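Student: Kindly generate the corresponding structure for this input.
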Amino acid sequence: MRLNEPRILPVSDDAASEDQKAVLAPFVARGTDYNVFRTMAQQPGSLDRFLSWATYILSARNSLAPRTRELAILRTGFNCGSGYEWAQHVVIGKDTGLTDDEIARIKLGPDAPGWSAADAAVLAACDGLTGDFFVPDPVWATLSARFTTEQRMDLVYTVAQYTQVSMLLNSFGVQLDTGLRLDPDLDRRPA
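Tutor: Residues are numbered from 1 along each chain as shown. Below you'll find the predicted structure:
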């Protein structure tokens with residue numbers, strides 16, 4: 001987390017316009033009207049468009065296995081210093097099979113002991129994409145030996161999507177939802 005309070009307030013039910021209510025309605029119905037969506041609903045047309053791509057990234061249409069996808073999302077969120085993203089996806093990552101030990105090692109990166117070659121390559125790709133906006137040739141070669149063309153593309157798409165999400169979460173000051181815990185390694189709020 002970078003900020004102690006939001007720069008852009010989440011849309012409240014009583015202050016929502018008709019367009020905001022419409023774009024939030026599916027989230028409200030599912031009980032997933034998280035602060036990220038309520039904040040993005042300040043610009044309902046962009047949230048609507050954003051959801052098309054975000055839904056692909058988190059769907060079964062993404063060719064990455066859910067565990068691999070969450071490995072990439074968590075490393076990206078960590079690299080971007082997004083406490084909100086990390087907190088949300090720790091929960092999702094555990095649901096996809098990531099262990100507490102793996103989640104702790106994600107913060108250490110691809111060189112931490114215990115990663116398979118495929119997992120280390122995914123983490124290294126995240127580091128390249130969030131640091132230099134490029135997957136280095138040796139990492140790409142390792143990915144090519146273990147993942148299909150579609151999976152490599154979806155890895156880059158996933159990291160790009162969650163880099164964008166982390167930027168908006170950090171810049172808008174989206175605060176944690178009830179029940180989430182801020183990882184102390186991602187607490188970058190001013191004292």
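Student: what's the offset of the longest helix seen in the chain from the middle of its chain?
Tutor: In the chain, assigned by DSSP state H, the helix with the most residues is helix 149-172. Relative to its chain's centre, helix 149-172 lies at 7 Å (CA atoms, centre = their mean, to the nearest Å).
Student: what's next to it, contact-wise?
Tutor: 2-3, 6-8, 36, 39-40, 53-54, 57, 62-64, 68-69, 72-73, 76-77, 80-82, 84-85, 122, 125-126, 129-130, 135, 140, 143-144, 147, 174 (CB atoms under 8 Å, 6 or more residues apart in numbering). Every residue, glycine included, has its C-beta placed from N, CA and C.
Student: Stretch 26-34 too?
Tutor: Here stretch 26-34 has contacts from Asp13, Leu24, Phe37, Gln88, Asp177, using CB under 8 Å, 6+ apart.
Student: Please tell me how far the fourth one sits from Arg67.
Tutor: Taking CB to CB, to the nearest Å as the measure, Gln88 and Arg67 are separated by 16 Å.
Student: Of those two, which one has the most company?
Tutor: The residue with more neighbours, out of Gln88 and Arg67, is Gln88; 22 against 16, by other CB atoms under 10 Å.
Student: Who are the packing partners of the lowest-mean-pLDDT helix or strand in the chain?
Tutor: In the chain, no helix or strand scores lower on mean pLDDT, DSSP states H and E than helix 44-57, which sits at a mean of 92. Counting contacts by 3 or more CB pairs under 8 Å, 6 or more residues apart in numbering; DSSP states H and E, helix 44-57 is packed against helix 18-30, helix 35-40, helix 149-172.
Student: Out of those, which is the most enclosed?
Tutor: helix 35-40 (a mean of 23; mean count of other CB atoms under 10 Å).
Student: so for that one, what's the average pLDDT?
Tutor: For helix 35-40, mean pLDDT is 97.
Student: so how far is that helix from its chain's centroid?
Tutor: Worked out by CA atoms, centre = their mean, helix 35-40 lies 14 Å from the chain centre.
Student: Against which helices or strands is that helix packed?
Tutor: Right, helix 35-40 is packed against helix 18-30, helix 44-57, helix 83-95, helix 149-172 by 3+ CB pairs under 8 Å, 6+ apart.
Student: average model confidence for the longest one?
Tutor: For helix 149-172, the mean pLDDT works out to 98.
Student: Between helix 44-57 and that helix, find me the angle.
Tutor: 140 degrees (axes from the mean of the first three to the mean of the last three CA atoms, to 10 degrees).
Student: Next: the first one.
Tutor: With the same axes, to 10 degrees applied, the angle from helix 18-30 to helix 44-57 works out at 30 degrees.
Student: what's the distance between helix 18-30 and the middle of its chain?
Tutor: Taking mean C-alpha positions (CA atoms, centre = their mean), helix 18-30 and its chain are 22 Å apart.
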